[in-house]
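> quick one, what's the 3D model for this:
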Amino acid sequence: MASIGSPPSSPPPPPPSTVEDIFEDYKARRSGVVQALTSNADAFFEQCDPAMENLCLYGLPDGSWHLSKPTLRVLPQLPEPTLGINFARDGMAPKDWLALIAVHTDCWLLSVAFFYGAGLNHNGRERLFSLINDLPTVFEAYKQAPPVKVKPTRKRPTDDDEQSETLCGSCGVNYYDDEFWIFCDVCEKWYHGSCVSVTPEKAESIKQYECHSCSLKKSRLN
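This is a model prediction of the structure:
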C-alpha cells in the first residue's frame with residue numbers, strides 16, 4: 001500500500017528500543033521501500049512528479065511506503081530520507097534513478113535503526129548490525145528483482161487545451177492519448193516516437209534526448 005502527501009495523522013506507536021524490536025522496524029521499513037522500487041515502481045515513478053515540491057521516500061513500520069515532503073521541525077523525530085528525489089527523475093534513465101534511490105534509502109534505513117539503537121550497549125549494537133547485515137540491502141534487492149519497466153521519462157501533455165496545441169516537431173500532427181511521444185531537451189519540442197524511431201523501451205536508456213535537427217546543428221557547430 002502506498003500513499004503520497006502528508007504522513008498519517010494517527011498517534012505513532014512507542015519507538016522500538018530492544019534489538020529485536022528495532023530489527024523488526026528495520027525489516028518493515030525496508031520491505032516498504034523495496035516494494036516502491038520494484039513491484040510498485042510504475043506507481044512510484046508516476047508519483048515522483050518533478051513539478052511537485054521536494055519529496056522524500058519513507059518506509060513505514062507497517063511495511064508500506066509513503067512519499068511526502070520532509071518534516072519542518074528543526075530537529076526531526078527521526079533522521080530524514082534524501083530530499084528531492086523527484087527532481088532527478090527525468091534527468092536519468094529510470095533504472096539508474098531507481099538504483100540511486102535504493103542506495104540512498106539503505107543509508108536512511110541504517111540511520112533510523114541506529115537512531116533507535118542509541119541506547120544499546122556495544123554488544124547490542126553489534127548484534128543489531130549483524131541481523132541487518134544478514135538481509136540483502138535495498139540496492140541488492142532492487143538489482144536482484146526482475147527488470148522494472150516504467151513509463152517514458154518525459155511527461156506528456158495532459159490538459160485538453162495543451163494537447164490540442166501540442167504538435168509533433170516532425171510530422172506536425174496533434175498529440176493524442178495512448179501515443180508515445182518523446183521530448184527534445186534542446187529545442188523543447190515533442191515528437192512521435194514513431195517519427196524519430198524511438199520506442200518506449202529505447203527511451204528508458206536515453207538520459208537526454210536530442211532530435212535529429214538539433215543533433216545536425218550541434219555537429220555543424222563542432
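> list the buried residues of the strand or helix carrying Asp42.
Take DSSP states H and E as the rule and Asp42 turns out to sit in helix 41-47. Buried residues in helix 41-47, defined by neighbour count with 16 or more other Cβ atoms under 10 Å: 41, 43-45, 47. C-beta: built from backbone N, CA, C; applies to glycine.
> I'd like those as TSV, with distance to Arg125 appended.
TSV is the format used below for the buried residues of helix 41-47 (distance: Cβ to Cβ, whole Å):
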residue	distance to Arg125
Ala41	33
Ala43	36
Phe44	32
Phe45	36
Gln47	35
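> rewinding a little: elements contacting the helix holding Asp42?
For helix 41-47, the packing partners by 3 or more Cβ pairs under 8 Å, 6 or more residues apart in numbering; DSSP states H and E come out as strand 2-4, strand 65-68, helix 94-116.
> ok, which of these comes nearest Pro14?
Nearest to Pro14, of all the helices and strands packed on helix 41-47, is helix 94-116, at 10.8 Å by Cβ to Cβ.
> so which residues make contact with the following helix or strand past the closest one?
Heading C-terminal from helix 94-116, the first helix or strand you meet, by DSSP H and E, is helix 122-133. For helix 122-133, contacts defined as Cβ atoms under 8 Å, 6 or more residues apart in numbering pick out 19, 22-23, 26, 110, 113-114, 117, 120.
> do that again at 6 Å, thanks
Identification of contacts with helix 122-133 by Cβ atoms under 6 Å, 6 or more residues apart in numbering yields 19, 22-23, 26, 117.
> let me have those residues in TSV, extended by distance to Arg125.
Shown next, in TSV, are these (distance: Cβ to Cβ, whole Å):
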residue	distance to Arg125
Val19	9
Ile22	10
Phe23	12
Tyr26	13
Gly117	6
